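Asks: following is a predicted model, sequence given first.
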Amino acid sequence: MSGNLWGGSGQYCEYLVTITFLTYLKPQDIRRYYRQAKIPGVEGDVNISLFFKEPVDGESQVILEAYDSHGSDWDWRCT
């Protein structure tokens with residue numbers, strides 16, 4: 001993960017979105033899709049992380065994390 005989520009303070013904004021879904025798709029197919037996907041962030045593409053749990057009756061739980069950060073330009077909502 002690049003950016004400032006785990007670092008010290010600074011003038012930046014960061015965003016972390018977590019989505020959990022169930023699917024019968026194979027993990028390699030999901031990885032291939034998100035490796036090719038261009039999901040725009042504020043100043044560049046969003047960083048995607050995928051986590052897979054063991055399938056139950058062929059259905060897998062997938063956790064997707066999307067991370068983005070950028071300079072805050074003194075926006076009071078950012079750290």
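Replies: Great, that's in hand. Residues are numbered from 1 along each chain as shown.
Asks: my read: residue 74 touches residue 12, true?
Replies: No - the pair formed by residue 74 and residue 12 falls short of the contact definition of Cβ atoms under 8 Å, at 10.9 Å. Any C-beta I mention is one placed from the backbone N, CA and C, and that applies to glycine too.
Asks: in terms of neighbours, single out the busier of the two.
Replies: The residue with more neighbours, out of residue 74 and residue 12, is residue 12; 17 against 7, by other Cβ atoms under 10 Å.
Asks: what residues are bridge-paired with that one?
Replies: Taking DSSP bridges as the rule, residue 12 bridges to residue 71.
Asks: these two touch, right, it and residue 68?
Replies: No - applying Cβ under 8 Å as the test, residue 12 and residue 68 come out as separate, 10.6 Å apart.
Asks: so in terms of bridging, what pairs with the residue nearest to the spatial centre of the chain?
Replies: Computing the C-alpha centroid of the chain and ranking residues by Cα atoms, centre = their mean puts residue 66 first, at 1.5 Å. As for beta bridges, residue 66 partners with residue 17, residue 48 under DSSP bridges.
Asks: relative to residue 24, how far out is it?
Replies: 22 Å (Cβ to Cβ, to the nearest Å).
Asks: now residue 11
Replies: 44 Å.
Asks: who has more neighbours, these two?
Replies: residue 11 (12 against 9).
Asks: ok, the residue nearest to the more buried one when sequence neighbours are not counted - contacts?
Replies: Nearest non-adjacent residue to residue 11, counting by Cβ to Cβ, 6 or more residues apart in numbering: residue 72, 4.7 Å away. Residue 72 sits next to 11, 12, 13, 78, 79 when contact means Cβ atoms under 8 Å, 6 or more residues apart in numbering.
Asks: ok, residue 51 next?
Replies: With Cβ under 8 Å, 6+ apart, residue 51 has these contacts: 62, 63, 64, 65.
Asks: where strands are concerned, which of the residues you listed count?
Replies: Of the contacts of residue 51, the ones assigned to strands by DSSP state E are 62, 63, 64, 65.
Asks: filter these to the buried ones?
Replies: residue 62 (16 or more other Cβ atoms under 10 Å).
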